[in-house]
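[1] The following comprises the amino acid sequence and a computationally predicted model.
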Amino acid sequence: MTRKLLLGIVLLVAPLAGSVLLSCTKDDGCRIGNVARYYTITGLALAASRQTTGASPGPNEPVPAPDLLLSVQLQTTYYGYQSAPSGGWLPAAYACPPTPAPGYLGTRQPLDSVVIRSRFAYDAAHPAGASLNDLLLDTETGQEFSPRGNQAYAPRLRFKTSPAQAGPQQFRVRYRLGTGEIYTAETPVLQLTR
């Protein structure tokens, strides 16, 4: 009886073990199954914080312009793919690297433009509603703010100059994708000081 039970177990486990061994040696790379390899942009937020403390200023709170950090934060939905079973009636197991795995593919939504504006005049050359992109530095690169070509981009920005005079500022971002989708977000009203 034990020989029949042992033979039955071997006959059931052998196809699974063979499938696992063959799956791990495939040259076409690891099939990642449920691992999220792509994301879709579904919205965004524009956060204001202090560079020195990282704290977010409250509405109408005074903030020195050199200390203000604006962060575009993408809201995303991640997704992957599920490959079809590899033939047997039992699924094959794969030994894959941790996420994000090699071959992480990001988003297929190309970036068209990112524009930062204020509801209030910043200086004589930047009246209310004008683009402030030329006044901003990307903190990651230290260069002038310039949306990066054809890929999604969530910049952290600071001002190169202070406003002409202290007073209220409310910043708004317009994020346009090459697919025609447009997302906007704004900060609360801040009292920007020199």
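    Cool, got the structure. Residues are numbered from 1 along each chain as shown.

[2] how about the nearest residue to Arg119, chain neighbours excluded?
    Nearest residue to Arg119 in three dimensions, chain neighbours excluded: Gln170, at 4.3 Å (CB to CB, 6 or more residues apart in numbering). C-beta here means a position set from N, CA and C on the backbone, and glycine is covered the same way.

[3] next one: Gln109
    Leaving aside its chain neighbours, Gln109 sits nearest to Leu177 (4.8 Å; criterion: CB to CB, 6+ apart).

[4] Looking at strand pairing, list the partners for the one you found.
    Partner residues in beta bridges with Leu177, using DSSP bridges, are Leu111.

[5] got a pLDDT number for it?
    The confidence metric pLDDT takes the value 92 at Leu177.

[6] And Cys24, by the same measure?
    The score at Cys24 is 37. That number is its pLDDT.

[7] hang on, Ala47 packs against Leu74?
    No - the pair Ala47 and Leu74 fails to qualify as a contact (CB atoms under 8 Å) at a distance of 11.6 Å.

[8] gap between Phe120 and Ala152?
    Phe120 sits 29 Å away from Ala152 when distances are taken as CB to CB, to the nearest Å.
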